[in-house]
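Asks: Give me a model of this one.
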Amino acid sequence: MIKIIHKITTSVLPVLTCGLLLAGLDSNAASLREITSFGTNPTNLRMHLYVPDAVPNNAPILVANHYCTGTGPALYSGTQFASLADRYGFIVIYPSATRSGQCFDVSSAQALRRGGGSDPVAIMSMVNYVQQNYNVDSTRIFVTGVSSGAMMTQVLLGLYPDVFKAGAAFAGVPFGCFATTNGSTWNSACANGTVTHTAQQWGDLVRNAYPGYSGARPRVQLWHGTADDTLRYPNFNEAIKQWTNVHGISQTPVTTDSPQSGATRTRYGSAGDQAQVEAISLQGTGHNLPVNAAEAIRFFGLNTTTTSSVASSRSSAAPSSFARSSSSIAISSASSSIAIGGDRCNWYGTQYPLCVNTVSGWGYENSRSCIGRNTCTSQPAPYGVIGGTASSTAVSSRPASSTPVISSAATSSRSSTATTTGQNCNWYGTRYALCATTQSGWGWENNRSCISRNTCSTQPAPYGVVN
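Replies: Residues are numbered from 1 along each chain as shown. From the prediction side, this is the model:
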């Protein structure tokens, strides 16, 4: 018999309205649609997909997993992930469990082994479907979920660390905690918070799910209420032990703060917005905790059109903060930690400074993330090392200055070349070419993503049209 984990409906699945949330989100113009044939589906999951009307080129992907008794459409209606997708340009996959109780399988041996079968394989088929049918950035795939979906979030992070770059789990349990051997999908000991392991043992559960993997691990954001009587609060601390061990970082937080009344946030490994592990404890809150979609999106790095999340997800030691790069920060042959040259790395449309001391991979120098020259030069054209001025081949790039210059000048050009005026749109820190023929929204001109002048001009200062 399946015990229901999450008893809420969409009407009582609130979204925080504190200062952490974005104000004035646009209403959804696109619609949720079901995909009926998406690949291997051993447990007969259903797939619903939300693609914004103005989805940009190389869009990120977010998988959003529902609670027990819920569905993908219910999570779509009850949270702001779709509204945020409209604003920031990412695609959302909403899986739906169809078994009795509508909980995801996070208990069976098949579900807890990479490629073993069950729900994780079906969800990966959904991700593969989107990758095959849309122009997406496969380096920016994220996952989130509530209750049973939060458990699935941690399962997917453990099984597919090479796919998912970060995850946000709202009221879940550690990877492997809900494992059973009798065919049941309910583990009372785990639910009651009585399953405890050392950090090493918890970490081994994750590592053994994908033997031999030695790459970067996804960053993890954890949410839990201290009064949770369904998946009790000790699971929160056990999950912190697990994921800090997986990342090889201390269980002692680097920073502790209170982002809102009654909330305590601890960050592990680094102090910035994209720490390897971020944990938010909600005092006196039960299992039906508010789902702060905006804070999850912020943690993923999707609250701008820049790709800082790529840096943190590929780095084994994520930087403490992600300052916007200036065109004056780049590679030097000097051994100092300050990059003084003019070269940068065009990493799929975003210009990162080249590291000075890091030869390959991602690093953190001069108070910002950077990328090693060897790693940068391994990218296919038109990506790779670029000169000290903005690359004409980039799909999008950061502003040449951290303080954009706002211009009210207009162009009457109707050419199909999007950059005849040399002006761009500073869209929350990313410089997009202005469309020449598209009057509103996003477009595709001159082999690059572009944004119309009308849409760009609606942005608040310091965003908008720049020289």
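
Asks: how deep is residue 99 tucked in, by neighbour count?
Replies: Close neighbours of residue 99, defined as other Cβ atoms under 10 Å, add up to 14. No exception for glycine: its C-beta is placed from N, CA and C like everyone else's.

Asks: So it sits against residue 43, correct?
Replies: Yes - with contacts defined as Cβ atoms under 8 Å, residue 99 counts as touching residue 43 at a distance of 7.2 Å.

Asks: what do these two both touch?
Replies: residue 105 (Cβ atoms under 8 Å, 6 or more residues apart in numbering).

Asks: Have a look at this structure and report its longest strand.
Replies: Looking across the chain with DSSP state E, the single longest strand is strand 136-146.

Asks: Report the strands that pair with that strand, each with its relative direction.
Replies: Strand pairing for strand 136-146, using DSSP bridges, gives strand 59-65 (parallel), strand 166-170 (parallel).

Asks: right, and the helix or strand after the shortest one?
Replies: The element immediately downstream of strand 166-170 (helix or strand, assigned by DSSP states H and E) is helix 188-191.

Asks: same question, the longest one
Replies: Under the assignment DSSP H and E, the closest C-terminal helix or strand after strand 59-65 is helix 72-78.

Asks: Remind me what that next one packs against, helices and strands.
Replies: Contacts defined by 3 or more Cβ pairs under 8 Å, 6 or more residues apart in numbering; DSSP states H and E place helix 72-78 against strand 32-35, strand 46-50, strand 59-65, strand 91-96.

Asks: what's the weakest-modelled helix or strand in the chain?
Replies: Among the helical and strand segments of the chain, the one scoring lowest on mean pLDDT, DSSP states H and E is helix 308-314, with a mean of 30.

Asks: got any ranges where the protein has weak pLDDT?
Replies: The chain contains residues with pLDDT under 70 at 1-29, 305-342, 347-350, 364-369, 382, 387-422, 427-430, 444, 446-449, 462.

Asks: longest helix anywhere in it?
Replies: In the chain, taking DSSP state H as the definition, the longest helix is helix 118-133.

Asks: List the buried residues of that helix.
Replies: 118-127, 129-130 (16 or more other Cβ atoms under 10 Å).

Asks: Which parts of the stretch 151-300 of the chain are strands?
Replies: 166-170, 219-225, 255-257, 263-268, 277-282 (DSSP state E, counting those that start in this stretch).

Asks: which residues in the stretch 351-467 of the chain form strands?
Replies: Under DSSP E, counting those that start in this stretch, the stretch 351-467 of the chain gives strands at 362-365, 368-371, 384-386, 424-427, 430-434, 442-445, 448-451, 464-466.

Asks: Next, format these as TSV and append distance to residue 155 and mean neighbour count.
Replies: Output for these, formatted as TSV (distance: least, Cβ to Cβ, whole Å; neighbours: other Cβ atoms under 10 Å):
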stretch	distance to residue 155	mean neighbour count
strand 362-365	26	22
strand 368-371	29	26
strand 384-386	36	19
strand 424-427	34	24
strand 430-434	32	25
strand 442-445	34	19
strand 448-451	34	24
strand 464-466	42	20
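
Asks: Need these in a markdown table (columns: distance to residue 457).
Replies: Shown next, in a markdown table, are the strands of the stretch 351-467 of the chain (distance: least, Cβ to Cβ, whole Å):
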| stretch | distance to residue 457 |
| --- | --- |
| strand 362-365 | 35 |
| strand 368-371 | 30 |
| strand 384-386 | 28 |
| strand 424-427 | 9 |
| strand 430-434 | 10 |
| strand 442-445 | 14 |
| strand 448-451 | 10 |
| strand 464-466 | 6 |
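
Asks: Identify whichever of these lies nearest to residue 50.
Replies: Residue 50 lies closest to strand 442-445 among the strands of the stretch 351-467 of the chain, at 16.1 Å (Cβ to Cβ).

Asks: What distance do you get for residue 284 to residue 224?
Replies: 12 Å (Cβ to Cβ, to the nearest Å).

Asks: In terms of neighbours, single out the busier of these two.
Replies: Neighbours of residue 284 and residue 224, each counted by other Cβ under 10 Å, are more numerous for residue 224; the result is 28 against 8.

Asks: Pull the contacting residues for that one.
Replies: Contacts of residue 224 (Cβ under 8 Å, 6+ apart): 171-172, 231, 233, 235-236, 279-282, 289.

Asks: Give the bridge partners for it, please.
Replies: Beta-bridge partners, per DSSP bridges, of residue 224: residue 281.

Asks: What spatial separation is found between it and residue 249?
Replies: 20 Å.

Asks: Tell me the helices and strands packed up against the strand or helix carrying residue 82.
Replies: Residue 82 belongs to helix 81-88 when elements are defined using DSSP H and E. On a contact count with 3+ Cβ pairs under 8 Å, 6+ apart, helix 81-88 meets strand 46-50, strand 59-65, strand 91-96, helix 293-300.

Asks: Would you mind getting the angle between it and strand 59-65?
Replies: 170 degrees (axes from the mean of the first three to the mean of the last three Cα atoms, to 10 degrees).

Asks: Distance from helix 81-88 to the middle of the chain?
Replies: Relative to its parent chain, helix 81-88 has a centroid offset of 13 Å by Cα atoms, centre = their mean, to the nearest Å.

Asks: Many thanks, I have nothing further to ask.
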